[in-house]
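Q: how does the following fold in three dimensions:
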Amino acid sequence: MLTEMERTAAADALYRAEVDRLPIEPCSETYPGLDTVDAYAIQLINVQRRIDSGASIRGHKVGLTARAMQEMLGVNEPDYGHLIDDMFVFESSDAPIQRYCAPRVEVEIGFVLGDTLSGPGCTTADVLRATEFVLPCLEIIDSRIENWKIKLVDTIADNASSAGVVLGGMRTSLDGLDLRTIGAVLRRNGEIIDTGSSGAVLGNPVTAVAWLANTLATFGMRLEAGHFILPGSCTRAHEVVAGDHVRADFDVLGSVEVRFADTSIQ
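A: Alright, predicted model coming up:
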């Protein structure tokens, strides 16, 4: 467990790393006593910093939903981060590569809530009832930790490695939709680089949203109507560089795409 001064110092270091695009050594190495309680507190310090600067929370993301990632970090449950309004990138537009340290993309099914969701005791039925529609998405993840050398506490403190969200323009009702079996194909510069299925997300992405609602309840928070939820990736994360065009095509849900531009040379 860290002191409040150490938590603030860790949050300051992560904030400067994001602003300056200069990744830092893992917080878990700088502060060997760092635990998950500290990590979420550090995350909230920087979220509040952005709110105080005029930003607003537009939703949440769930990370570490794939079994392989959990095993790699030695955990048995996901983590979460906050989605801020300035993280959203318009579909088919350019995402400035200079905004990120070491960006990667993931393929996700986004949930838009029509009603609030709160725990404890939130079930998949509650999630289905509260979801207004889903849509195809790309998540841009990034690490303010050098070389992505992260442990669980590092990614939590770093807002679950969140950086950007690209929303597809096609909304789909849940009526008659089986969210466990939706396939997706990821292309980079026209070449297929990965395929996946929504079932890779805890067996059902709805389960991830329920987990999030129940976990937030332990911090006295809930998921708000109108908020956007990323439940976890259908594929592994893939690196991107300036000039890359990325597109994800989903069964039933349509597609979403974005280009990573080097705006410094335009």
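Q: now the host helix or strand of Ile109: average pLDDT?
A: Using DSSP states H and E, Ile109 sits in strand 104-113. Averaged across strand 104-113, pLDDT comes to 97.
Q: and if you look at stretch 122-134?
A: In the prediction, stretch 122-134 has an average pLDDT of 98.
Q: which parts of the stretch 1-150 of the chain are strands?
A: Along the stretch 1-150 of the chain, counting by DSSP state E, counting those that start in this stretch, strands occupy 57-63, 79-84, 88-89, 94-96, 104-113, 131-141.
Q: from those, which stretch is densest packed?
A: When those are scored by mean count of other CB atoms under 10 Å, the highest mean neighbour count falls to strand 104-113 (a mean of 25). All C-beta spots, glycine's among them, are computed from the backbone N, C-alpha and C.
Q: check the offset of it from the chain's centre.
A: 8 Å (CA atoms, centre = their mean, to the nearest Å).
Q: got it, and stretch 138-150?
A: 11 Å.
Q: endpoints of it, how far apart?
A: One end of stretch 138-150 to the other measures 22 Å (CA to CA, to the nearest Å).
Q: what of stretch 114-125?
A: 14 Å.
Q: quickly list what Arg259 is bridged to.
A: Asp94, His245 (DSSP bridges).
Q: I'd like to know how many residues surround it.
A: 18 (other CB atoms under 10 Å).
Q: hmm, back to that, could the strands of the stretch 1-150 of the chain be laid out in CSV, adding distance to Ile42?
A: Output for those, formatted as CSV (distance: least, CB to CB, whole Å):
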stretch, distance to Ile42
strand 57-63, 16
strand 79-84, 12
strand 88-89, 23
strand 94-96, 26
strand 104-113, 22
strand 131-141, 18
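Q: which of these sits closest to Trp211?
A: strand 57-63 (6.9 Å; CB to CB).
Q: partners of that closest one, with directions?
A: Strand 57-63 has these strand partners (DSSP bridges): strand 79-84 (antiparallel), strand 228-230 (parallel).
Q: Provide the contact partners of it at residue level.
A: Strand 57-63 is contacted from outside by 47, 51, 69, 78-85, 87-88, 139, 155, 160-162, 165, 208-209, 211-212, 216, 223, 227-232, using CB atoms under 8 Å, 6 or more residues apart in numbering.
Q: apply 7 Å and report the result again.
A: Contact with strand 57-63 is made by 78-85, 88, 139, 155, 160-162, 208, 211-212, 223, 227-232, as judged by CB atoms under 7 Å, 6 or more residues apart in numbering.
Q: in the chain, what helix or strand scores lowest on average pLDDT?
A: helix 67-73 (a mean of 70; mean pLDDT, DSSP states H and E).
Q: closest to Pro26 out of the strands of the stretch 1-150 of the chain?
A: For Pro26, the closest of the strands of the stretch 1-150 of the chain is strand 79-84, at 15.4 Å, according to CB to CB.
Q: beta partners for the residue positioned nearest the centre of the chain?
A: In the chain, the C-alpha closest to the average C-alpha coordinate belongs to Lys61, at a distance of 4.0 Å (CA atoms, centre = their mean). Judged by DSSP bridges, the bridge partners of Lys61 are Gly81, Leu230.
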